[in-house]
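**Q** one predicted model, sequence on top.
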Amino acid sequence: LRGVSGDQQQRRGVSGDQQQLRGVSGDQQQRRGVSGDQQQRRLAGDQQQRRLTGDQQQQRREVSGDSQRCSNMTTNDDLDRAIVQWLEWDKNPKTLAEVRKQNCQGNFEQLEKYFGPRMLFGTAGIRSVMGPGFSCMNDLTIIQTTQGLCRYLEKTFSDVKNRGVVIGFDARAHTPSGSSSRRFAQYAATVLISQGIPVYLFSQITPTPFVPFTVAELKLCAGIMVTASHNPKQDNGYKVYWENGAQIISPHDVEIANAIDENVEPWPESWNVKLIDRSPLVKDPLENMNNKYLQSIQKHCFYRDINKRTKLKFVHTSVHGVGHEFVQAAMKSFGFAPPIAVPEQKDPDPEFPTVKYPNPEEGKEVLTLSFALADKEGAAVILANDPDADRLAVAEKLECGVWKVFSGNELGALLGWWQFTCWKKQNPEPSGLKNVYMLSSTVSSKILQAIALKEGFHFEETLTGFKWMGNKAKELIDKGNKVLFAFEEAIGYMATEFVLDKDGVSAAAIVAEMASFLACKNITLNGQLKAIYEEYGYHITKASYFICHDPKTTEKMFENLRNYNGTKQYPKTCGKFEISDIRDLTTGYDSSQPNKKPVLPTSKSSQMITFTFKNGCAATLRTSGTEPKIKYYVEIRAPPGNSDPEKLKEELNELVNALVEYFFQPEKNGLTSQSH
């Protein structure tokens, strides 16, 4: 150990668990969506990637820049190799200096966090904290990721050098590492054009839905969006869209991951970001795509005269993200006066200074400034986008003076009803219904299914996430069907067919038109929601989560549900509530199917179990692919009629309490609830 003291050795002592996880916290792993199988595969790739010559120690000291002071070596050969390769390959002065500093100071605990398992393709791409090392988002890992994507595109598309790729980015930045979404987008573009692939690089920040829109509009091979959506400020991400305009799914994610492993060493021109300034392969699609997007959403504007005359006022917040000018333009294209922007939040700011979490899904905590402004201006409706403007939250002031923040399921019910109502007015013939579809994810409310059953159109359920709904929608459209609407409970809405992903910009304009139309009839959004439930049956939901930073605890909790209290069976009850059916999309079991196999695809890389109860409730427990959360979604469904919503809410709350007590067992498992 070249003179390292016993204290230093002890400080560097790594437990078996830490060695296995390479010093990466559960938080980081879950943000990156790392499965056990993926870890094993990627670790093997890491070892291949990190092969060095026998002169490893001397090389590391030389690259560190100080053979006297920076001669420390860890007790982990893989970590040593990773650090040497990093010091050879990285050309970002800030991240390079940080690794040299930690190496010279012998801070091996921090180095193990930087150089844990490589980021993996989880939710259609990669996502992690910004900082140095192969475990983080930085210039080098962006280059490596894009090199892998580039080789896979070349392998898959013979015409990729004619069609090209679009790249967009949000406003995120991280001063300590010199990282930013714009910088990452520029390096991704550099890699692609260095190999002769045309790039449509947005010159300014754009909403995420503009990337899939551009892929479809220009018939490109793929799209890249650099964003971490509503994640904490230190995070960033890299989302990939395929030629069909939807997020990538298998086998593309696996093949891209393999290609990244095979192309980790930067190519000669990959660091030469000046290429994008003079290359004829780079074009800026911003003005053209912005104009075409606004033209396209106007096809969903049915009451322009009402919009122009409405006395309803709207407040809009982009929560320090990219949405402000795009929502203003969308509202204008629908004939509205500009919504009143929350001044403290309208401009992009990567620090998100006015909110704890930049996620409108958190509800009232994020909307405090919006409430105050709306009260001051006499506005009745608030529209709130997340930082990359692919999600939308909506709040309405009730007659009693209290603000109601609609849940994702409630707004999904409203938008589903509105989309069908507008379509039906344009297409009154019943024969048209046979090709009409709506979609929602398996953890979302089944209110669309209830509407479909009564009105005669089709409903389909998908796995969680718009990568599944977008691809299913494209599949249906290609067969000549009409997909009117798709949503997920996490305030994501696809209300058009030209963006096969959630889109908070078009959704904001469509919600505003719906609210204005209803206001003409003296009906509020909340009033219409109640009317929907009265007509199609009450669907009352409750969704929340527990935070768990230890993947082993999470796995143990789910395994206990599969071997409930040592019975080697799933539970038959949850407290006083009897279970009628169980679907486990991790193991591939569904008690409601004749062959006991689920209809939806299964995946061992994530946990998801759905319990159906005899009282008409359904509860799904699942892990998040991007955050250290165990989520639950509970819904009680009643047939149309004289249901008592308050009684239903009471029964729903009793079931949620039972789930927490008997299935989650937060005290025993060390879980932190959302409310904390």
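**A** All right, it came through fine.

**Q** for the nearest residue to residue 661 once chain neighbours are set aside, give me its contacts.
**A** Nearest non-adjacent residue to residue 661, counting by C-beta to C-beta, 6 or more residues apart in numbering: residue 575, 6.8 Å away. In this view, the C-beta of every residue, glycine as well, is placed from N, C-alpha and C. Residue 575 makes contacts with 654-655, 657-658, 661-662, as judged by C-beta atoms under 8 Å, 6 or more residues apart in numbering.

**Q** widest-spaced pair of these?
**A** Using C-beta to C-beta, the contacts of residue 575 span at most 12.2 Å, a distance reached by 654 and 662.

**Q** show me the shaky parts of the stretch 101-250 of the chain.
**A** 122-123 (pLDDT under 70).

**Q** check the offset of stretch 318-329 from the chain's centre.
**A** 19 Å (C-alpha atoms, centre = their mean, to the nearest Å).

**Q** helices of the stretch 51-200 of the chain, residue ranges please.
**A** Taking DSSP state H, counting those that start in this stretch as the test, the helices found in the stretch 51-200 of the chain are 56-64, 77-89, 93-104, 108-114, 139-156, 160-163, 181-194.

**Q** out of those helices, which is closest to residue 293?
**A** helix 181-194 (18.9 Å).

**Q** what helices or strands is the strand or helix carrying residue 411 leaning on?
**A** Following DSSP states H and E, one finds residue 411 within helix 408-426. When contacts are defined as 3 or more C-beta pairs under 8 Å, 6 or more residues apart in numbering; DSSP states H and E, helix 408-426 packs onto strand 392-397, strand 436-441, helix 447-455, strand 482-488, strand 492-494, helix 504-520, helix 525-536, strand 539-547.

**Q** where does pLDDT dip in this structure?
**A** 1-75, 122-123, 642, 675-676.

**Q** ok, 80 please
**A** By pLDDT under 80, the low-scoring segments of the chain are 1-75, 121-124, 625-626, 642-643, 674-676.

**Q** distance of residue 258 relative to residue 121?
**A** Residue 258 is 10 Å from residue 121, where distance means C-beta to C-beta, to the nearest Å.

**Q** strands of the stretch 251-400 of the chain, start to end?
**A** 282-283, 314-317, 340-341, 381-385, 392-397 (DSSP state E, counting those that start in this stretch).

**Q** by contact count, what packs against the last one?
**A** Pointing back at strand 392-397 there. Applying 3+ C-beta pairs under 8 Å, 6+ apart, one finds that strand 392-397 contacts helix 368-377, strand 381-385, strand 403-405, helix 408-426, helix 504-520, helix 525-536.

**Q** how far does the shortest one sit from its chain's centre?
**A** In terms of C-alpha atoms, centre = their mean, the gap separating the centre of strand 403-405 from the centre of its chain is 24 Å.

**Q** hmm, who's touching it?
**A** By C-beta under 8 Å, 6+ apart, strand 403-405 touches 363-364, 367, 371, 374, 382, 393-398, 526.

**Q** that strand pairs with which strands?
**A** When pairing is defined by DSSP bridges, strand 403-405 lines up against strand 392-397 (antiparallel).

**Q** any idea how far the partner strand is from the chain center?
**A** Worked out by C-alpha atoms, centre = their mean, strand 392-397 lies 21 Å from the chain centre.

**Q** please report how far the nearest residue to residue 92 once chain neighbours are set aside lies from residue 96.
**A** With sequence-adjacent residues excluded and distances taken as C-beta to C-beta, 6+ apart, residue 92 is closest to residue 139, at 4.5 Å. As judged by C-beta to C-beta, residue 139 and residue 96 stand 10 Å apart.

**Q** what does residue 567 give?
**A** Taken as C-beta to C-beta, the span from residue 567 to residue 96 is 56 Å.

**Q** more crowded one of these two?
**A** Counted by other C-beta atoms under 10 Å, residue 567 and residue 96 do not tie: residue 96 has more neighbours, with 20 against 9.

**Q** got a list of what the nearest residue to the more buried one once chain neighbours are set aside touches?
**A** Take residue 96 and drop its neighbours on the chain: the residue closest to it by C-beta to C-beta, 6+ apart is residue 90, 4.7 Å away. Going by C-beta under 8 Å, 6+ apart, residue 90 touches 96, 99, 132, 138-140.

**Q** buried only: go through these for me.
**A** Among those, those classed as buried by 16 or more other C-beta atoms under 10 Å are 96, 99, 132, 138-140.

**Q** quick check: the farthest pair among those?
**A** Between any two of the buried ones among the contacts of residue 90 (C-beta to C-beta), the greatest distance is 12.7 Å, for 99 and 139.

**Q** what's the closest of the helices and strands packed on strand 392-397 to residue 216?
**A** Of all the helices and strands packed on strand 392-397, it is helix 504-520 that lies closest to residue 216, at 13.9 Å by C-beta to C-beta.

**Q** how far out from the middle of the chain is stretch 576-583?
**A** Chain-centre distance of stretch 576-583: 30 Å, with C-alpha atoms, centre = their mean.

**Q** want to throw the buried ones among the contacts of residue 90 into TSV with distance to residue 378?
**A** Shown next, in TSV, are the buried ones among the contacts of residue 90 (distance: C-beta to C-beta, whole Å):
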residue	distance to residue 378
96	55
99	55
132	50
138	47
139	48
140	52
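
**Q** closest to residue 174 among those?
**A** residue 138 (9.0 Å).

**Q** any idea how far residue 204 is from that closest one?
**A** From residue 138 over to residue 204 (counting by C-beta to C-beta), the distance is 23 Å.

**Q** ok so, going back, phi, psi of the residue nearest to residue 661?
**A** Main-chain dihedrals, residue 575, degrees, to the nearest 10: phi 60, psi -130.

**Q** just the closest of the buried ones among the contacts of residue 90 to residue 612, please.
**A** residue 138 (45.1 Å).

**Q** ok, the residue nearest to the closest one when sequence neighbours are not counted - contacts?
**A** Nearest non-adjacent residue to residue 138, counting by C-beta to C-beta, 6+ apart: residue 95, 5.3 Å away. Contacts for residue 95 were tallied using C-beta under 8 Å, 6+ apart; they are 131-133, 138-140, 177-178.

**Q** all the strands of the stretch 551-676 of the chain, residue numbers only.
**A** 573-574, 577-584, 589-590, 608-613, 617-623, 629-637, 672-673.

**Q** remind me what the third one packs against, helices and strands.
**A** Okay, so that is strand 589-590. Using 3+ C-beta pairs under 8 Å, 6+ apart, strand 589-590 is in contact with strand 577-584.
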